[in-house]
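Asks: Following is a predicted model, sequence given first.
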There are 2 protein chains.
Amino acid sequence: MNGHAIQILKEILRKEGLRYTSQRQSVWDEIRNTHEHRDAEEIYMSIRNNGVNVSRATVYRTIDVLVKNRLVRKMDVGDGRARYEPRLDDQHHDHMICEETGDIIEFFNEELENLQEKIANDHGYTVTRHVHQLFVKPIKK
Amino acid sequence: MNGHAIQILKEILRKEGLRYTSQRQSVWDEIRNTHEHRDAEEIYMSIRNNGVNVSRATVYRTIDVLVKNRLVRKMDVGDGRARYEPRLDDQHHDHMICEETGDIIEFFNEELENLQEKIANDHGYTVTRHVHQLFVKPIKK
DNA sequence: TTTCACGATGAGACTCAATCTCAATAAGGA
DNA sequence: TCCTTATTGAGATTGAGTCTCATCGTGAAA
């Protein structure tokens, strides 16, 4: 747990007019320290397994703040549970989900990004965010 | 309610080993007759307002069959309620959702489709389906 | 046309992720 | 240190969607 990560969270909380608490720090630490795509329950259980007491309500509430302030990315895999990943110093990317293994692969394609903005522009809009998932299967050789 | 639409449904039900019922027909009619993007509850209420008695369970069960057989497209707007639209004689398209008005605009772009397949291929996969929504705002003049 | 096995339906119970409630707790400015 | 007020936690609640099971009705067979 480095001082930098504490500072970032403190700044965001101050900006939002919220107090700095150990629970909020532990939620941010937990998400920050793995680069997996986990759901809220997994994050909650992992924190508790580390011996820290935090409630589900606080986990959800904190994640909302982190997502709003772009420390965490929320993604929808389509199975009813949202997944979260840290986005600190993280470049934007989309995901492909393997339907056979459940693996989640990250990808980024500049051309794709530009094309989306162009399509929106053609309709008189500008893109504020997008949801893009490719559900895929391995190519058999 | 034309004979064609009844035939299509009957064929699908036969193929699936399911019986043809008035309830299944009314769900398909309801979705088919509007091109809006509605959730299950709206579809259910609309059927009942037409004086037809169908249960929520049957609406959900029937929609599943229609989605599986590509008569209906299921889409996820990210607010927890799935939306449905008819896809009979309908070309594939994606959606942009206006964050100011909630409007849902359909779009299709060949280049975008090809690019997605190319990206998946580069990772050793092939795309089976995709979820793609642009959340947009109108360009102010 | 009648019969009847078994698939379909409906009312409401249930599931599960996520949100809300509210009394008790603790942050942090004075 | 004090005190106001935001935060927390346990558990209740919500809401979309699924499941249960007694009853109903389709449609194949006779």
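Replies: Alright, I've got the coordinates. Numbering: from 1, shown residues only, chains lettered A, B, ... in the order given.

Asks: residues in chain A within reach of DNA strand D, list them.
Replies: Contact residues (Cβ under 7 Å from any atom of the strand) of chain A with DNA strand D: A:13, A:18-19, A:21, A:23-24, A:53-58, A:61-62. The way it works is simple: take the backbone N, C-alpha and C, and place the C-beta from them, glycine included.

Asks: again, only this time at 10 Å
Replies: A:13, A:16-27, A:44, A:47-48, A:52-62, A:65, A:80 (Cβ under 10 Å from any atom of the strand).

Asks: what about residue A:136, how many neighbours?
Replies: By other Cβ atoms under 10 Å in any protein chain shown, the residues close to residue A:136 number 26.

Asks: wait, what's in contact with residue A:36?
Replies: residue A:85 (Cβ atoms under 8 Å, 6 or more residues apart in numbering or on different chains).

Asks: how about a cut-off of 10 Å?
Replies: Applying Cβ atoms under 10 Å, 6 or more residues apart in numbering or on different chains to residue A:36 gives the contacts A:42, A:43, A:46, A:83, A:84, A:85, A:86, A:104.

Asks: Just to be sure, the fourth one is in a strand?
Replies: In other words, residue A:83. Yes - counting by DSSP: H, G, I helix; E, B strand; the rest coil, residue A:83 is part of a strand.

Asks: Which residue is the nearest non-sequential neighbour of it?
Replies: Nearest non-adjacent residue to residue A:83, counting by Cβ to Cβ, 6 or more residues apart in numbering or on different chains: residue A:37, 4.2 Å away.

Asks: Surely that neighbour touches residue A:93?
Replies: No - using Cβ atoms under 10 Å, residue A:37 is not in contact with residue A:93; the gap is 11.5 Å.

Asks: Pull up the overlap in contacts between these two.
Replies: A:73, A:85, A:106.

Asks: Neighbour-wise, give me the winner out of these.
Replies: In the shared contacts of residue A:37 and residue A:93, the most neighbours by other Cβ under 10 Å go to residue A:85, 20 neighbours.

Asks: so what's that one bridging to?
Replies: residue A:73 (DSSP bridges).

Asks: Contacts only, for it.
Replies: Residue A:85 touches A:31-32, A:34-38, A:72-75, A:93, A:95, A:104, A:106, counting by Cβ under 10 Å, 6+ apart.

Asks: and the angle for the lengthiest strand in chain A with strand B:125-138?
Replies: For chain A, the strand with the greatest residue count under DSSP state E is strand A:125-138. Interaxial angle, strand A:125-138 versus strand B:125-138 (axes from the mean of the first three to the mean of the last three Cα atoms, to 10 degrees): 170 degrees.
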